[in-house]
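K.L.:
Give the three-dimensional model of this entry:
(one chain, ligands or ions: 2)
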Amino acid sequence: MSFSLPSHWKYLSEGASTIVLTYNGPDSLFQTKILRIRKDDDSISNDELPLLLFQREIVPCLIPEQHLIHVEIISVAKSWLESLALLCADSRPTWRTDKIAVSRTEALLAPNLVASPITVEIKPKWSFLKGESPRTCRYCMHASTRGWATSYCPLDLFSSSPERIKRALYGLYDAWAAGASNQNNLRLFVGGQIVSSNTLSSALQNNGLCSPFLLEDAIRQKFVDTLHVSLLNVESSSLLHTLKRLQRTLDNPGIAALDILWKEIFPESSSFADGFHQPTLDEWYEFVKKYTEQNSPAAKTDAEKLQYHMLSYLLSATFKDCSIMIMLPGLLDKTLSLPASSYPSRIILVDLDQKPVGRFRKWLDQDREILDEYNEMVKKGQTERKICIDDWVR
Ligand SMILES: O=P(O)(O)O[C@@H]1[C@@H](OP(=O)(O)O)[C@H](OP(=O)(O)O)[C@H](O)[C@H](OP(=O)(O)O)[C@H]1OP(=O)(O)O
Ligand SMILES: Nc1ncnc2c1ncn2[C@@H]1O[C@H](COP(=O)(O)OP(=O)(O)OP(=O)(O)O)[C@@H](O)[C@H]1O
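P.N.:
Ligands and ions are numbered 1, 2, ... in the order given. Sure thing, here's the model as predicted:
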């Protein structure tokens with residue numbers, strides 16, 4: 001990256017582990033790319049290769065290629081990252097206090113998915129009901145315990161009912177429009193820039209995507225209708241169904257059951273998953289082969305069974321935390337010549353990083369905490385128990 005100036009990169013967005021920038025310089029090599037750089041975190045390794053190989057070799061065994069992007073590794077220098085960190089400091093949300101990991105020597109380049117007239121990013125989260133909480137889904141409990149005002153339920157988004165999908169989209173839009181910036185389930189990009197509810201209307205107008213006379217409520221309606229058509233399209237429905245199946249089946253038998261299994265096999269172990277190593281690429285291959293083969297022989301020993309379920313849960317965590325980027329040619333409009341079949345132009349999954357094994361303990365504790373806290377809130381009358389409907393039939 002030495003030939004690209006840090007000032008050519010513009011902050012776009014970020015998650016818990018990475019910051020993403022778009023290119024605004026003269027080099028055509030980067031003009032269609034984003035740069036994804038890591039923050040100081042509990043990442044699985046100091047170099048990007050294991051993450052890249054996981055995305056290139058393992059994920060495509062489970063997700064059709066047309067919903068994936070090709071990611072490349074590039075070298076970065078410490079001074080270059082330090083300059084970049086300074087340049088993007090003011091653009092970052094104030095509540096993200098973590099820093100760019102300037103000592104890392106590699107970053108990722110990926111196709112820029114927000115270059116469409118409109119890109120919608122949905123982070124759908126968990127699509128299923130868990131045994132420990134047979135009525136309220138994990139997302140809805142977690143949102144309540146965090147004091148989030150939202151009517152979005154992932155089980156609606158992943159349902160087979162067009163009405164429920166529409167309800168989920170209104171829920172996502174309304175929470176986003178209320179400006180809760182730490183609610184990360186919906187992000188909108190217009191003309192390559194991230195937009196807020198305050199800037200949406202002007203961004204749409206400036207990009208010739210809506211008339212100046214369209215009121216806020218009409219934009220909301222049009223936006224939800226456009227997204228609804230896009231998600232009901234065969235390719236999108238099939239992707240949502242695949243994601244739902246992977247999340248659910250890979251999570252089986254669940255983190256609490258895994259903890260029990262762990263204790264049975266390692267009674268001397270001080271803590272759940274303590275000493276469990278990050279799977280190698282070969283171990284991932286072997287796992288995916290067994291998972292995808294219908295008639296694979298059952299694990300022979302308890303240790304093999306544990307290894308299988310640990311990898312399975314680790315992989316489920318990736319799919320429970322990924323985001324969907326939906327690229328749109330504009331807002332659906334009967335006066336435009338574009339047929340409904342052009343919505344979306346593409347639908348891609350991002351953030352398919354391999355999760356670090358150090359998270360197992362966090363996941364076990366967090367699930368318990370969310371469940372206990374939510375039950376307590378219901379008991380104290382601080383919230384009414386939400387009933388989420390899981391319509392999974394295979
Ligand atoms: O545990 P969760 O469900 O809160 O998920 C975390 C996310 O929180 P969310 O609930 O989406 O606000 C969290 O997102 P935010 O920081 O809230 O944007 C991260 O995605 C985190 O994963 P990672 O650190 O990037 O590997 C996510 O952690 P993992 O559970 O995937 O380890
Ligand atoms: N290829 C891409 N093109 C455009 N924008 C992208 C692309 N990949 C990621 N982004 C944006 O950057 C943000 C952060 O990326 P990503 O989700 O991969 O980071 P993360 O730190 O792993 O996030 P999380 O906290 O959700 O796990 C995304 O939410 C999205 O807005």
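
K.L.:
Let's see the pLDDT reported for the spatially closest residue to Leu172 that is not a sequence neighbour.
P.N.:
Nearest residue to Leu172 in three dimensions, chain neighbours excluded: Leu186, at 4.3 Å (CB to CB, 6 or more residues apart in numbering). Glycine gets a C-beta too; all of them are placed from N, C-alpha and C. At Leu186, the predicted lDDT confidence score is 97.

K.L.:
Show me what counts as buried in stretch 7-26.
P.N.:
Within stretch 7-26, the residues that count as buried by 16 or more other CB atoms under 10 Å are 8-15, 17-23.

K.L.:
between the residues you listed, which is nearest Arg359?
P.N.:
The closest of the buried residues of stretch 7-26 to Arg359 turns out to be Ser17 (CB to CB; 11.4 Å).

K.L.:
ok, that closest one - contacts?
P.N.:
Contact analysis of Ser17 by CB atoms under 8 Å, 6 or more residues apart in numbering lists Arg38, Lys39, Asp41, Ser43, Asp353.

K.L.:
Show me the two of the residues you listed that sit farthest apart.
P.N.:
Farthest pair in these, by CB to CB: Lys39 and Asp353, 12.7 Å.

K.L.:
end-to-end on stretch 206-222?
P.N.:
Stretch 206-222 stretches 17 Å from its first residue to its last (CA to CA, to the nearest Å).

K.L.:
Also stretch 105-121?
P.N.:
End-to-end distance for stretch 105-121, by CA to CA: 29 Å.

K.L.:
Is any residue of it near ligand 1?
P.N.:
No. Remark: stretch 105-121 sits outside contact range of ligand 1, by CB under 6 Å from any ligand atom, the gap being at least 11.7 Å.

K.L.:
Next one: Ala317 relative to ligand 2, how far apart?
P.N.:
Applying CB to the nearest ligand atom, to the nearest Å, the value for Ala317 to ligand 2 is 10 Å.

K.L.:
count of residues packed around the residue nearest to Leu172?
P.N.:
When neighbours are defined as other CB atoms under 10 Å, Leu186 has 22 of them.

K.L.:
And the one helix or strand Tyr291 maps to, what's buried?
P.N.:
Using DSSP states H and E, Tyr291 sits within helix 281-292. In terms of neighbour count (16+ other CB under 10 Å), helix 281-292 has its buried residues at Trp284, Phe287, Val288, Lys290, Tyr291.

K.L.:
Pipe the contacts of Ser17 into CSV and attach distance to ligand 1 and secondary structure per row.
P.N.:
Below are those laid out as CSV (distance: CB to the nearest ligand atom, whole Å; DSSP: H, G, I helix; E, B strand; the rest coil):
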residue, distance to ligand 1, secondary structure
Arg38, 10, strand
Lys39, 9, strand
Asp41, 6, coil
Ser43, 8, coil
Asp353, 6, coil
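
K.L.:
Which residues of this structure lie near ligand 2?
P.N.:
Near ligand 2, when you scan the chain using CB under 6 Å from any ligand atom, you find 12-18, 20, 34, 69, 110-114, 121, 123, 187, 321, 323, 350-351, 353.

K.L.:
repeat that with 8 Å
P.N.:
12-20, 22, 34, 36, 39, 69, 110-114, 119, 121, 123, 184, 187, 189, 194, 321-323, 325, 348, 350-351, 353 (CB under 8 Å from any ligand atom).

K.L.:
For ligand 1, what's the nearest residue on the chain?
P.N.:
Residue nearest to ligand 1 within the chain (CB to the nearest ligand atom): Ala16, separated by 3.2 Å.

K.L.:
so where is the protein shaky, pLDDT-wise?
P.N.:
1-3, 41-42, 44, 294-299, 334-336, 394 (pLDDT under 70).

K.L.:
Give me the three-state assignment for the residue with the largest distance to the centre of it.
P.N.:
Going by CA atoms, centre = their mean, the residue of the chain most distant from its centre is Glu268, 35.9 Å out. Here Glu268 is recorded as coil under DSSP: H, G, I helix; E, B strand; the rest coil.

K.L.:
And Leu12, by the same measure?
P.N.:
Leu12 - assigned by three-state DSSP - is strand.

K.L.:
Now do the same contact list for it.
P.N.:
Contacts of Leu12 by CB under 8 Å, 6+ apart are Val20, Leu21, Thr22, Ile34, Val114, Ile194.

K.L.:
could these be laid out in a markdown table, adding secondary structure and distance to Pro162?
P.N.:
A markdown table is the format used below for the contacts of Leu12 (DSSP: H, G, I helix; E, B strand; the rest coil; distance: CB to CB, whole Å):
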| residue | secondary structure | distance to Pro162 |
| --- | --- | --- |
| Val20 | strand | 32 |
| Leu21 | strand | 37 |
| Thr22 | strand | 34 |
| Ile34 | strand | 33 |
| Val114 | coil | 27 |
| Ile194 | strand | 28 |
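
K.L.:
Run the chain-centre distance for stretch 16-29.
P.N.:
Per CA atoms, centre = their mean, to the nearest Å, the displacement of stretch 16-29 from the mean C-alpha position of its chain is 19 Å.

K.L.:
And stretch 266-273, by the same measure?
P.N.:
Distance, centroid of stretch 266-273 to centroid of chain: 31 Å (CA atoms, centre = their mean).

K.L.:
Residues contacting it, please?
P.N.:
By CB under 8 Å, 6+ apart, stretch 266-273 touches Leu258, Asp259, Trp262, Lys263, Gly275, Met310, Val357, Phe360, Arg361, Leu364.

K.L.:
Out of these, which end up buried?
P.N.:
Among the contacts of stretch 266-273, those buried by neighbour count (16+ other CB under 10 Å) are Leu258, Asp259, Trp262, Met310, Val357, Phe360, Leu364.
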